[in-house]
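# Pasting the sequence and the predicted coordinates here, then a few questions.
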Amino acid sequence: MTQGLSRDQLGVTDAMIEAYAAIIFRLSNNLQIRRGDPVRLRDIAAIGAHRHELGMSDAQIAARIGLRPAQVTFIRNLEERRRFRTGYYHQLNKLGGSKRFRVERMTPLQDHFRYSEDALSLRSAFAFEAETVRSYVEQGYWKNDTLRSWLNRNADTNPGGLAITGAGGDVSYSELRDRVEKLAGGFYHAGIRPGDVVAVQLPNTRDYIESFLALCWLGAVLTTLYMTFRDNEFKNQLTHSRAKAVIVPDTIGDFAAAETALRMRTDIATLQTIIVAGTPPAGAMDLASLFETGTGLPKDLPPPNASDPFLLLYTSGTTSSPKGVPLNYHQMLSNARFGVTEHDIRPGDVVMSAAPFGHLYALYSVQMALCAGAAIDLLPMFSPPAFIEAAAKDRPTHVFAGPAHLAACLGMGLFDKADLGSIRVTVLSGSAVPPELVRSCAPYFSGGAITQLWGMTETQAGLYTRPGDDPEISATSAGRESPGTSVRIAGADGKELAASEEGELQVRGPSVFAGYYNNPEATAAAFTSDGYFRSGDLARKDGDGNVTLSGRLKEVINRGGVKYNPQEVELLIDQHPAIAQCAIAPVPDERLGERACCYAVLKPGTDLALEDLCSFLSGRGLAKHKLPERLELRTELPMTATRKVIKGQLNPAG
Amino acid sequence: MQNQDVDPLQAKQDIIAYAKRRGALVAGIADLAAIEAIAPAGHRPSDIMPRVKSVISVGVGGQTQGAWSVPAKALGYFGSTETRAYSASYALAFFIETNYGAPSVYCPPDMDNEAGPRVPLQSLKLHAELAGIGARSLAGDILLHPEFGYMYFASVFTELELPPDEPMAENPCPAPSCADMFHKTGQTPCMKFCPVQCLSGKITSDGKQEEMHYDMAACAEMTQQYEAVPAMLAGALAAETEAERTDALFDPDNKMLWYKMSVGSGGLLAQCFECMRVCPIATRSPQADPIRRRQAKQ
């Protein structure tokens, strides 16, 4: 409709539009050329001669090209609509003040970064309830913290402060930021984009820290591969995580990690880039060279925010296949921010992890160091002598270790001459902590506290004892909730149990994950109707709120309806002089449903019969129904990468 | 009834003095015959007011000095000061009728109802230029004044016959610094800093305008969102799913458009001001903003 007339009244055909649109647009005032200054000079002749360039009215155009004015108006409007591109004013809004337009800095909207489908799929895994988000934000648990912002803050406020120490030498915070920024540019150059999942299998080295932080700087997502992973685990995790790149050493012992990753690339559709710390085989990229190849990140790339995922970790899988746990900065860094105070980490402290960075527990220590402005002390691969040497040389104030680490040092008698005087806090986690181990180690750490921590990939640090706690509390319990976390001990009916009663440990809080990646069934099974995560761990809570872990719910033996926790039996069996390692798992029984079978690895040169074992246990007061009814001797037990026995793989011979 | 014993020269002085009291920085009388000769049919003063005898053009101050220093997004809200020009000219029309008995109209600064939003009903720019209160610049023919820089204009048509003024003897654009820059780089500041590069041209060796090229379509795409509204509706109609249709109508950008339309918000940008922000005449003329005018009085 133009001037009240419809198109058929105007007689405008498609052919007319096709033929006249360009000349009408050109003659209209959409494009204006003025030669000289004829209007000011009132040079009517010159104006007339150049009217077609100055911009003509529709009537003038109509007279010039032989159409009716209304036809020109119709066609001009159509052509303007066809040519008009919306959205330019977004660019305009960024201009002005001291910001001036530079054509080379302008990225057309259609060329701005967009997340890949995989990245969007991962982002959709954070299905928090609205009330949960409101609560955590209002209570201050969730803030807009990112590792990039923490690194920036440390580099700005304390540029010369020690960021990394230990193996590989000292690195200041300003140097670390500079290297991380360069490597992030290198990763971008290598094709990694925000939201992409990148798998890393490296020891606790500078390469790991710098790669991790550069991925965070870029907005990518880290998935950790344990150093013990070989072809099968490698392939499973890379496939499930839909990793786009992998960063590995050239070799791990006799395992050709880089070659393996390259080989996988042909089988795993998403895997595109293999980055190697060391000597890269043909087809792989050299991690060191990526510090030099990047030219910075594009300006339109969104910087990471606290709601962005940055970790996709996998459960250790003691009872089932590993499950992917996506975590964002909100969840992880609120846990770390409060942990800094609770574990007494101060600016200038030195934080060592004896656990590999592939574990959430170790990354927790790294994040707390960054939060506090402390240094990350690198111990590339734990061995008792290496730990003792690093403790003396690097002077850590905090050590995050597993009970096995301290037990190994203790067993080798290395603590006797060790210099552990710098250590204010030693945190133990990762597996059940024998009270006797804590008591035995305590005299060697007389300058500081030994504390316990309980957490899972799904929950992060949920419970811990504090440095000021009674040492016996830290020896015998995993302590109290981390700030913001709520735990309860629930019975089989789901109701909370009274103090000291054993039941399932259930957890809720700002650090608890939202759901497994691409696994809605597992997610549904993991939470109670009121939002508590079912840890599957058995525990008791004392009157002061300290929680003691006592086993796994799924490992409970149900002998003819009489249920008991085998961990108590395993702890007694561990005291038998012939036992190197043991695990109790049920075997099916037609009459009772289940009976207990003890799987044991014996110390060299020893022997053991079931009757002897039962006699040993009876002598220590174990109830008759808890005595193992079968003994299977093995040379080794199936273990997870985190050194936990995989009971699901224990099957009796025959 | 028009007063027969009006002294045109005295009336002109009084009218200009009144316009200034109402907020105009400058005012002048345009040569009606020249307007009628230059403006295309349908856009001439006589098309609106057949018995028009004079066209009075008034200019009010453009931006404050503070406005030039804020981001474009904020300037979009601070920059719409043209209402002062309209109120001054509206009052002027009443003043002429009250004092001289001559029918007068405030000339609407509107678009041509029949031709659409890119075609003005009357060229206020042409009136001002012929009234000698502005000259065409290389920045898309935006008028500039050597004393007051960048201004907004409004017009009054009246049956009172007033002696016309002359256009400016000299065009202040390009400023010597702009001509110098052009001869070194091929661009003046307004050309260089235009977000959509809609300006280009030529300057003679003695620093005069030779050619001015203005891609108004590109400029409008950047600053004027009126085409976005029908485009949004077309997108909603063409949407295949309810979610896409909802997005098309209610995403934040489009909701902002609805809002601006419903309240007539100044945030609906009419120009982006970047060419004027970098123009030494627009922003640094002796009386280009209130602070400079205050300093000039002292």
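Perfect, I can see it now.

# Kindly report the residues of the stretch 101-250 of chain B close to chain A.
Residues of the stretch 101-250 of chain B lying close to chain A by C-beta under 8 Å from any C-beta of the partner chain are B:114-116, B:118-119, B:126, B:129-130, B:135-136, B:140-141, B:167-168, B:171, B:193-197, B:208-217, B:220-223, B:225, B:227-228, B:230-232. For glycine as for every other residue, the C-beta is placed from the backbone atoms N, C-alpha and C.

# Helix or strand next in line after the one helix or strand A:Arg488 maps to, which one?
Taking DSSP states H and E as the criterion, A:Arg488 maps to strand A:486-490. Counting by DSSP H and E, the element after strand A:486-490 in chain order, helix or strand, is strand A:503-508.

# Could I have the CA atoms of that next one written out in PDB?
Extracted in PDB, the C-alpha atoms of strand A:503-508 (Å, rounded to 0.1, in the frame of the first residue of the first chain):
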ATOM      1  CA  GLY A 503      23.200 -44.000  57.600                       C
ATOM      2  CA  GLU A 504      23.800 -42.400  54.300                       C
ATOM      3  CA  LEU A 505      25.600 -39.100  54.200                       C
ATOM      4  CA  GLN A 506      23.600 -36.700  52.100                       C
ATOM      5  CA  VAL A 507      24.800 -33.300  51.000                       C
ATOM      6  CA  ARG A 508      23.300 -30.000  49.800                       C
END
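
# That one pairs with which strands?
Counting by DSSP bridges, the strands paired with strand A:503-508 are strand A:486-490 (antiparallel), strand A:533-541 (antiparallel).

# Can you show me the strands along the stretch 1-150 of chain B?
B:26-30, B:54-61, B:104-106, B:111-112, B:116-120, B:135-136, B:143-145, B:149-158 (DSSP state E, counting those that start in this stretch).

# Switch those over to JSON lines, and while doing so, append distance to A:Glu504 and mean pLDDT to every line.
Formatted as JSON lines, those follow (distance: least, C-beta to C-beta, whole Å; pLDDT from 0 to 100):
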{"stretch": "strand B:26-30", "distance to A:Glu504": "84", "mean pLDDT": "98"}
{"stretch": "strand B:54-61", "distance to A:Glu504": "75", "mean pLDDT": "96"}
{"stretch": "strand B:104-106", "distance to A:Glu504": "81", "mean pLDDT": "95"}
{"stretch": "strand B:111-112", "distance to A:Glu504": "72", "mean pLDDT": "74"}
{"stretch": "strand B:116-120", "distance to A:Glu504": "68", "mean pLDDT": "75"}
{"stretch": "strand B:135-136", "distance to A:Glu504": "82", "mean pLDDT": "98"}
{"stretch": "strand B:143-145", "distance to A:Glu504": "79", "mean pLDDT": "98"}
{"stretch": "strand B:149-158", "distance to A:Glu504": "74", "mean pLDDT": "95"}
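
# For those strands, give me JSON lines that also has mean neighbour count.
As requested, those are exported to JSON lines (neighbours: other C-beta atoms under 10 Å in any protein chain shown):
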{"stretch": "strand B:26-30", "mean neighbour count": "26"}
{"stretch": "strand B:54-61", "mean neighbour count": "28"}
{"stretch": "strand B:104-106", "mean neighbour count": "21"}
{"stretch": "strand B:111-112", "mean neighbour count": "16"}
{"stretch": "strand B:116-120", "mean neighbour count": "18"}
{"stretch": "strand B:135-136", "mean neighbour count": "24"}
{"stretch": "strand B:143-145", "mean neighbour count": "25"}
{"stretch": "strand B:149-158", "mean neighbour count": "27"}
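
# now the helices for the stretch 151-298 of chain B?
Along the stretch 151-298 of chain B, counting by DSSP state H, counting those that start in this stretch, helices occupy B:176-185, B:189-193, B:216-223, B:228-238, B:242-250, B:252-263, B:274-277, B:280-284, B:290-297.

# can the strands paired with strand A:503-508 go into TSV with extra columns for mean neighbour count, mean pLDDT and distance to B:Ala85?
Output for the strands paired with strand A:503-508, formatted as TSV (neighbours: other C-beta atoms under 10 Å in any protein chain shown; pLDDT from 0 to 100; distance: least, C-beta to C-beta, whole Å):
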stretch	mean neighbour count	mean pLDDT	distance to B:Ala85
strand A:486-490	19	96	65
strand A:533-541	21	93	66
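
# one step back: quick one: closest of the strands of the stretch 1-150 of chain B to A:Glu18.
Evaluated over those, closeness to A:Glu18 peaks at strand B:116-120, with 20.7 Å, by C-beta to C-beta.

# what lines up beside the closest one in the sheet?
Sheet partners assigned to strand B:116-120 using DSSP bridges are listed as strand B:111-112 (antiparallel).

# Residue of the stretch 51-200 of chain B closest to chain A, please.
B:Ala72 (3.4 Å; C-beta to the nearest C-beta).

# thought that residue was touching B:Cys272?
Yes - using C-beta atoms under 8 Å, B:Ala72 makes contact with B:Cys272 at a distance of 5.9 Å.

# Of those two, which one has the most company?
B:Cys272 (29 against 24; other C-beta atoms under 10 Å in any protein chain shown).

# Buried ones in the helix or strand where A:Phe234 lies, by neighbour count?
Assessed by DSSP H and E, A:Phe234 sits inside helix A:231-241. For helix A:231-241, the neighbour count (16 or more other C-beta atoms under 10 Å in any protein chain shown) marks A:233-235, A:237-238, A:240-241 as buried.

# any idea how far A:Phe445 is from A:Ser383?
19 Å (C-beta to C-beta, to the nearest Å).

# Could you do A:Tyr516 as well?
In terms of C-beta to C-beta, A:Tyr516 sits 38 Å off from A:Phe445.

# In terms of secondary structure, what does the helix holding A:Phe234 contact?
strand A:197-200, helix A:257-265, strand A:309-314 (3 or more C-beta pairs under 8 Å, 6 or more residues apart in numbering or on different chains; DSSP states H and E).
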